[in-house]
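Peer 1: Model the following, please.
(2 chains)
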Amino acid sequence: MEYLIGIQGPDFVLVAADNVAASSIIQMKHDYDKMFKLSEKILLLCVGEAGDTVQFAEYIQKNVQLYKMRNGYELSPSAAANFTRKNLADYLRSRTPYHVNLLLAGYDDADGPGLFYMDYLSSLAKAPFAAHGYGAFLTLSILDRDYKPDLTREEAMNILRKCVEELNKRFILNLHSFNVRLIDKDGIHDMEKLTVGAK
Amino acid sequence: MALQDLCNLQHILLESEAAEQSPGRFGEKAASSYESGLHSSSLLDFYIPVAECLDESPIEFGQIRPDQSSCSISSESSPLPSLPFVSSQPVPLPFPMAHGTTTLAFVFQGGVLAAADTRSSCSGLVACPASQKILPIHSHLVGTTSGTSADCALWKRILSRELRLYQLRNGRRLSTSGAAKLLSHMLHPFKGTELCVAATLCGWDDHSGSRRAAQGQKTDLEAVSSDKVSLSKSSFLTQQPCARKEASLSGPSLFYVCSDGSRLQGTLFSVGSGSPYAYSILDQGVQWGLTVAEATSIAREAVYRATYRDAYSGNCVDIYHVTSQGWTRRTREDLKEEYYREKESRRQTHEAEKKML
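Peer 2: Next up, the predicted model:
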């Protein structure tokens, strides 16, 4: 039902998420933001079970900020991703596992851009591009074909537009708008929302 | 004060038990947060009436079998079979059962309007035709309830108590957003159990009013806002919620809180089994510029249409209106009359058309 996508370039990461907050068959909100800002250059995109997403993402968000307050410097995206995965793994075999699928995107001043794919079974993989949701089935092959490691921001946006067009054409649900953000060495930039008209 | 002593005593009891059990999702972290909450009079400093049976896995306690599911809809006197269920494997629900009611709320220029039907159903029969689904929480906050009637009534009362305590401790009313967050966090430990509460909180936040109330804290608000600015520069808080907070510091406010953990801010919500029918009427007419009369009329019609189609909604309609002066209640109206009126007017237009032919 929900859709997340991330594309990593040579010096940036482009991420997008749909804007729908649904409750069984009803769209309760059309402008819901699924991205959580962990720090100046790290975004956590979170989808999954209704309450778990916000609770888990806010928990990670506050802990990352606490780390900065205690130690005076920010966690790198890789460290934040591993911290998130560790928490997911710890709760996985407890009475109260979190059913959330995540993408963590960040820019490290030393290592450059990074995109991390995590799922509810607490697997973690650093990937050049990734997607979550039923929409991923429809769009991953577009990414497989068109992605190259040295793509420009414009090319990344074009691939994203192609993915959204494909969803609009073939996906049974109406996901009509997407939040798009870009992370580079200057921080997180809000890009123009991608909207599609009715089919 | 006697009440303070009583609360402290219960906190101490909770603390000694916390060593054995894990009182919430966060295990050790929750225990430490409760302990730290004891020393500071923070917002988490409250006593949740958690039953002993929740010591066991909530999955065993709460998961219901599909053949029992119809009994759990808005039941005031649902016969509780063997509790807890002796099922080795938790049986998941086939799809989330709708709450048997129609409630709606929306924001417009005249404040917030909340409307609901008055039927309480219990597995196919009407348990109460005149129940109250919109409960006032305080003078400027009203909550619609959907789900299990008893759960909603209890948690609304707990919320009222906590909001009143907050007001006494801090000298100002908690915003609707804060109240929604508080309710959401109070319901979170019960996720996965049979607790079923889906509420919309409709309130009027009065930023300038709170400044008047907190006499010795006038400068605190400026300090807080300047803190926010400096913090946002060093990017502690996300910028978007910060902007939203500034914009919605005063005025009408609407939040949807559900026991599954969702908390959404919005301008129009409808909850319950009759909600799709209500949404279709509301989406056609609700906008910011409605007058109070127009808003009342569309809310009434939405509930009426939902009660017409939905078996679990019916009887009368309650309408509450929240403004900066507080909430007001419109007299309860029996929708049966509306049904007969509409039938009569349709019959008359039909006859008029026949005569013209």
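Peer 1: Touching, B:Ala116 and B:Ala306? I think so.
Peer 2: No: when contacts are counted by CB atoms under 8 Å, B:Ala116 is not listed as touching B:Ala306 (10.0 Å). Placement of C-beta: from N, CA and C, glycine included.
Peer 1: Touching both of the two, which residues are there?
Peer 2: With contacts taken as CB atoms under 8 Å, 6 or more residues apart in numbering or on different chains, B:Ala116 and B:Ala306 have B:Thr102 as neighbours in common.
Peer 1: closest point of chain A to chain B, which residue?
Peer 2: Closest residue of chain A to chain B, CB to the nearest CB: A:Gly51 (0.9 Å).
Peer 1: Report the contact partners of that residue.
Peer 2: Under the criterion of CB under 8 Å, 6+ apart, the contact partners of A:Gly51 comprise B:Ser184, B:His188, B:Lys191, B:Cys258, B:Asp260, B:Gly261, B:Ser262, B:Arg263.
Peer 1: Which two among these are spaced furthest apart?
Peer 2: Using CB to CB, these reach their maximum pairwise distance at B:Lys191 and B:Arg263, which is 12.6 Å.
Peer 1: Doesn't the residue of chain A closest to chain B belong to a helix?
Peer 2: Yes: under DSSP: H, G, I helix; E, B strand; the rest coil, A:Gly51 sits within a helix.
Peer 1: Got the confidence number for it?
Peer 2: The model reports A:Gly51 with a pLDDT of 87.
Peer 1: Can you report how many residues lie near residue 189?
Peer 2: You didn't pick a chain, so chain A it is. Other residues near A:His189 come to 13 when the count uses other CB atoms under 10 Å in any protein chain shown.
Peer 1: that's the other chain; I wanted chain B
Peer 2: When neighbours are defined as other CB under 10 Å, B:Pro189 has 19 of them.
Peer 1: now the helices for the stretch 101-250 of chain B?
Peer 2: B:149-170, B:176-187, B:207-213, B:218-233, B:239-247 (DSSP state H, counting those that start in this stretch).
Peer 1: If you could redo that for chain A, that was the one I meant.
Peer 2: If you assign secondary structure with DSSP state H, the helices in chain A sit at A:50-71, A:77-92, A:135-146, A:153-170.
Peer 1: Quick one: closest of the ones you listed to B:Arg161.
Peer 2: helix A:50-71 (22.8 Å).
Peer 1: Run the angle between the closest one and helix B:176-187 for me.
Peer 2: 100 degrees (axes from the mean of the first three to the mean of the last three CA atoms, to 10 degrees).
Peer 1: got the buried residues for helix A:50-71?
Peer 2: Buried positions in helix A:50-71, judged by neighbour count with 16 or more other CB atoms under 10 Å in any protein chain shown: A:50-57, A:59-61, A:63-65, A:67-68.
Peer 1: And the furthest pair within these?
Peer 2: A:Ala50 and A:Lys68 (29.2 Å).
Peer 1: Skipping adjacent residues, who's closest to A:Glu58 in space?
Peer 2: Excluding its sequence neighbours, the residue lying closest to A:Glu58 (CB to CB, 6 or more residues apart in numbering or on different chains) is A:Phe36, at 7.1 Å.
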